[in-house]
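Asker: need the 3D shape of this:
(4 chains)
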2 protein chains.
Amino acid sequence: MKQDIDGPYLRSGQVAERAGVNLQTLRYYERRGLIAEPRRSPGGHRAYPPETVTLLTVIKAAQRLGFTLEEVAELIDTGRRGHPTPDLRARAQAKIAEVDARIADLTTIRTALTQVVAAGCDSLTHCTCPDCPLPFTDLAAGRTPEES
Amino acid sequence: MKQDIDGPYLRSGQVAERAGVNLQTLRYYERRGLIAEPRRSPGGHRAYPPETVTLLTVIKAAQRLGFTLEEVAELIDTGRRGHPTPDLRARAQAKIAEVDARIADLTTIRTALTQVVAAGCDSLTHCTCPDCPLPFTDLAAGRTPEES
DNA sequence: TTGCATCCGGTACCTAGGTACAGGTTTACC
DNA sequence: GGTAAACCTGTACCTAGGTACCGGATGCAA
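Answerer: You can find the predicted model right below:
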């Protein structure tokens, strides 16, 4: 007998290749709840329905839009149990606000950097330039290192 | 005798408090080579010169400008052994280019997000809207998650 | 000299999103 | 039936920038 599974099921390696992701990533997403646990062959190998490939491209698209994996998981979740809210639109709008805030931060940083260049600062610690703009204590601290 | 150390040396806790950083962070920076190993009291406690506080604010300023700790360490380093190059200006200019690239990325993402909102997408996986723009396969993959 | 705050080194843990490796099984093909 | 590729679980590791905890030692003042 060839296999208990007769549908067009895919093996994990095939899914990973078609979706362009690492095999480990596939299992990582399963642990994170982004993709459902697939059925198994008698020997324990995963057998995926072909839609899984589509799902993975959608996950990657959402990531490119700036959603975290947790947010993506929630979006998939609310979408699965008959969307009670038009969640995606609201989330996208919130994400736009986040992106705008980040752009504003970066613009402020950019301005400060141009000041460094314009003033001719030549050292972080012993700058000899007149009117040295360092340090930028007004620059919102703590924002830069976090929130991609 | 009060202490072998007679200068206006500061204890680690004082430095940390004045610079507004965590005590652990201080030792972390020492390990990373951002601040020099200070002299010690006879019992092994660190005794910092007061300039250390200034140095820490400078480090924090550079971080706010988007420099990584490694870059900050290099900037301090080249500055210490008589700047052979006007390194800071060049680095600041390179950083401006990085910031610009990041802003361009975010702008692209923003555009895509507005498309999602405008098209009225209602689900990541089963969007029913006409001309659904998902997935944005053209959106440069891999940029978003990395490079703060 | 006693008591308590502070500091010490070393190690483990955190986020976020994966990636890699080891050692053992299963599948697939000839 | 043999063999090689693919797959399995579990665990450790990676970046970047810290933070937290532990048990023990030190500093300082009354």
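Asker: which stretches of chain A form helices?
Answerer: A:12-19, A:23-32, A:51-64, A:69-80, A:87-119 (DSSP state H).
Asker: single out the most deeply packed of these.
Answerer: Ranked by average neighbour count under the criterion mean count of other CB atoms under 10 Å in any protein chain shown, these are headed by helix A:51-64 at a mean of 20. Every C-beta, even on glycine, is put in place using the N, C-alpha and C of the backbone.
Asker: ok, residue A:54 to DNA strand D distance?
Answerer: Residue A:54 sits 18 Å away from DNA strand D, going by CB to the nearest atom of the strand, to the nearest Å.
Asker: tabulate the helices of chain A (TSV), appending distance to DNA strand C.
Answerer: As requested, the helices of chain A are exported to TSV (distance: least, CB to the nearest atom of the strand, whole Å):
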stretch	distance to DNA strand C
helix A:12-19	9
helix A:23-32	4
helix A:51-64	6
helix A:69-80	4
helix A:87-119	12
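Asker: closest to residue A:41 out of those helices?
Answerer: With CB to CB as the measure, helix A:12-19 is the member of these nearest residue A:41 (10.7 Å).
Asker: output the helices of chain A in a markdown table; the columns should cover mean pLDDT and distance to residue A:128.
Answerer: A markdown table is the format used below for these (pLDDT from 0 to 100; distance: least, CB to CB, whole Å):
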| stretch | mean pLDDT | distance to residue A:128 |
| --- | --- | --- |
| helix A:12-19 | 97 | 55 |
| helix A:23-32 | 96 | 51 |
| helix A:51-64 | 94 | 45 |
| helix A:69-80 | 87 | 48 |
| helix A:87-119 | 92 | 11 |
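Asker: export those to a markdown table and tack on distance to residue B:90?
Answerer: A markdown table is the format used below for the helices of chain A (distance: least, CB to CB, whole Å):
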| stretch | distance to residue B:90 |
| --- | --- |
| helix A:12-19 | 41 |
| helix A:23-32 | 38 |
| helix A:51-64 | 32 |
| helix A:69-80 | 37 |
| helix A:87-119 | 9 |
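Asker: find the closest residue to DNA strand C in chain A.
Answerer: Nearest residue of chain A to DNA strand C, counting by CB to the nearest atom of the strand: residue A:43, 2.1 Å away.
Asker: where do the domain boundaries of chain A fall?
Answerer: Following the assignment in automatic domain parsing, chain A carries domains at A:1-84, A:87-148.
Asker: from chain B, how far off is the residue nearest the centre of chain A?
Answerer: Nearest to the mean C-alpha position of chain A, counting by CA atoms, centre = their mean, stands residue A:63 at 3.6 Å. According to CB to the nearest CB, to the nearest Å, residue A:63 and chain B sit 6 Å apart.
Asker: surely that residue meets residue A:73?
Answerer: No: judged on CB atoms under 8 Å, residue A:63 makes no contact with residue A:73 at a distance of 11.5 Å.
Asker: how about residue A:71: what's its closest non-neighbour residue?
Answerer: Leaving aside its chain neighbours, residue A:71 sits nearest to residue A:91 (6.9 Å; criterion: CB to CB, 6 or more residues apart in numbering or on different chains).
Asker: go on, residue A:47?
Answerer: Of all residues not flanking residue A:47 in the chain, residue A:9 sits nearest, at 4.0 Å (CB to CB, 6+ apart).
Asker: for chain A, what lies in contact range of DNA strand D?
Answerer: Residues of chain A lying near DNA strand D by CB under 7 Å from any atom of the strand: A:11-14, A:16, A:23-24, A:27, A:44-46, A:145.
Asker: which among these gets closest to chain B?
Answerer: residue A:145 (6.7 Å; CB to the nearest CB).
Asker: and the pLDDT at the closest one?
Answerer: We have a pLDDT of 40 for residue A:145.
Asker: again, but for residue A:36
Answerer: pLDDT for residue A:36: 95.
Asker: next up, the contacts around the residue nearest to it when sequence neighbours are not counted.
Answerer: Nearest residue to residue A:36, sequence neighbours excluded (CB to CB, 6+ apart): residue A:30, at 7.8 Å. By CB atoms under 8 Å, 6 or more residues apart in numbering or on different chains, the contact list for residue A:30 reads A:36-38.
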